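Enquirer: Generate a structure from the sequence data that follows.
(one chain, ligands or ions: 1)
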Amino acid sequence: MFRALTSLTLIAALAACGDSPPPQRAVSQPQIETVGMSAGVLSTKEAKQLFGAKPAGSAQPAAPYGGYAKGCLAGGVQLPETGPTWQAMRLSRNRNWAHPITVDYVQELSRKAAQQPGWNGLYIGDMSQPRGGPMLTGHRSHQSGLDIDIWLRPANDLTLTRTERENISSISLRRASGAFTNNNWTRAHHEILKAAASDPRVARIFIFPGAKVAMCNAEKGDRAWLRKIRPWWGHHYHFHVRLTCPAGATACSNQNPPPAGDGCAEAQGWVDRILNPPPPDPNAPKPKPRRELTLSDLPRQCADVLAAR
Ligand SMILES: [Zn+2]
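Expert: Sure, this is the predicted structure:
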């Protein structure tokens, strides 16, 4: 048990920005055939360079290919920059693209958020690149058009200009390195996360451990939704929603579902280890340096996604 926890900690320490959610574990999945050398010289190129250079989605039917941290997106659509109950932030990054079900999910959740006191909707952070795939900066996941970062700052002003959306920041909701919430945390956050997690399209939501424990303690009604809320490093300026593969997406790989139960004891364990860190394990395996993904590593369909109009 101790070993397992320690290697988890190491994986987290490796994550570039300290807030990348876990890559998916190998589970019983459709066997995903990769591009391999079939794309010739392109196969050896870094996938982030190829996908990072695409300004628009591919003219193909929408389909996520592969996994959240090794995949791409055909037929990506753009979340409109501003809607009645949302604004997309940091427009210069051009990451307000996703699978159509993801865009639908965001719009629906933003309407629910708008019902909370002090909120008129949601500020939406990174989704995916136009054709998904690895990014030049930031995330390891968000590759298949099914991940969304949502700001924890109440979206009270939905008339922000492009410049304002580059410059304003979200707010942190954590105290004591994430063991607890701070004074910015409100019942509205609880209700929005509850609505977010209660949607059957959601696989997991990542947020800092203190927030999960706060919701565990405050929830007096149905607790089933808490299972989808998973503690993770970082994630105190935004929460990260990960959707499951849409029906019929046969070349999309899901993550294992979270363990049964509300996960509250596990989250409390994270809090306890923040407050009383265990001594380092001298037998912990050395982290392996991570190699950049090349096009050859991605699902076979991703070469077509790149080449499509
Ligand atoms: Zn994210």
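
Enquirer: I'd say residue 94 and residue 128 touch.
Expert: No: counting by CB atoms under 8 Å, residue 94 does not reach residue 128; the two are 9.9 Å apart. For every residue, glycine as well, the C-beta is placed using N, CA and C.

Enquirer: Strands of the stretch 151-300 of the chain, start to end?
Expert: Taking DSSP state E, counting those that start in this stretch as the test, the strands found in the stretch 151-300 of the chain are 174-175, 180-181, 202-207, 229-231, 238-243.

Enquirer: How about residues contacting the second one?
Expert: Counting by CB atoms under 8 Å, 6 or more residues apart in numbering, the neighbours of strand 180-181 from elsewhere in the structure are 173, 174, 175, 210, 211, 213, 214, 271.

Enquirer: Pretty sure the first one sits against residue 182.
Expert: Okay, so that is residue 173. Yes: Residue 173 is within contact range of residue 182, at 6.0 Å (criterion: CB under 8 Å).

Enquirer: Who has more neighbours out of these two?
Expert: The neighbour comparison of residue 173 against residue 182 (other CB atoms under 10 Å) goes to residue 173, with 26 against 13.

Enquirer: Against the ion, how distant is the more buried one?
Expert: Per CB to the ion, to the nearest Å, residue 173 is found 16 Å from the ion.

Enquirer: same check, this time on residue 141
Expert: For residue 141, the distance to the ion - CB to the ion - is 6 Å.

Enquirer: Grab the nearest non-local neighbour of that residue.
Expert: Excluding the flanking residues, the one nearest residue 141 by CB to CB, 6 or more residues apart in numbering is residue 68, at 4.1 Å.

Enquirer: Write out the residues of the protein neighbouring the ion.
Expert: By the rule CB under 5 Å from the ion, the part of the chain lying against the ion is 149, 240.

Enquirer: quick one, which of the strands of the stretch 151-300 of the chain is nearest to residue 98?
Expert: Minimum separation from residue 98 across the strands of the stretch 151-300 of the chain (CB to CB) falls at strand 238-243, 9.0 Å.

Enquirer: pLDDT (mean, whole number) over that closest one?
Expert: For strand 238-243, mean pLDDT rounds to 98.

Enquirer: which secondary structure elements does that strand contact?
Expert: helix 100-113, strand 147-151, helix 187-198, strand 202-207 (3 or more CB pairs under 8 Å, 6 or more residues apart in numbering; DSSP states H and E).

Enquirer: buried sites along stretch 87-107?
Expert: 87-90, 93, 95-99, 101-103, 105-107 (16 or more other CB atoms under 10 Å).

Enquirer: again, but for stretch 189-200
Expert: Neighbour counts over stretch 189-200 (16+ other CB under 10 Å) mark 189, 190, 191, 192, 193, 194, 195, 196, 197, 199 as buried.

Enquirer: Spatially nearest residue to the fourth one (excluding sequence neighbours)?
Expert: Ranked by CB to CB, 6+ apart and with sequence neighbours excluded, the top spatial neighbour of residue 192 is residue 113, at 4.9 Å.

Enquirer: Could you double-check that residue 87 sits in contact with residue 156?
Expert: No: using CB under 8 Å, residue 87 is not in contact with residue 156; the gap is 11.0 Å.

Enquirer: Span of stretch 129-140 from start to end?
Expert: 12 Å (CA to CA, to the nearest Å).

Enquirer: Over to stretch 252-260?
Expert: 23 Å.

Enquirer: For that stretch, give me every contacting residue.
Expert: Residues contacting stretch 252-260 (CB under 8 Å, 6+ apart): 24-25, 27, 29-30, 32, 63-68, 71, 144, 146, 203-204, 227-228, 230, 242, 244-246, 266.

Enquirer: neighbours of the residue in the stretch 201-309 of the chain that the ion sits nearest to, just the number please.
Expert: The nearest approach of the stretch 201-309 of the chain to the ion comes at residue 240, 3.8 Å away (CB to the ion). By other CB under 10 Å, 24 other residues sit near residue 240.
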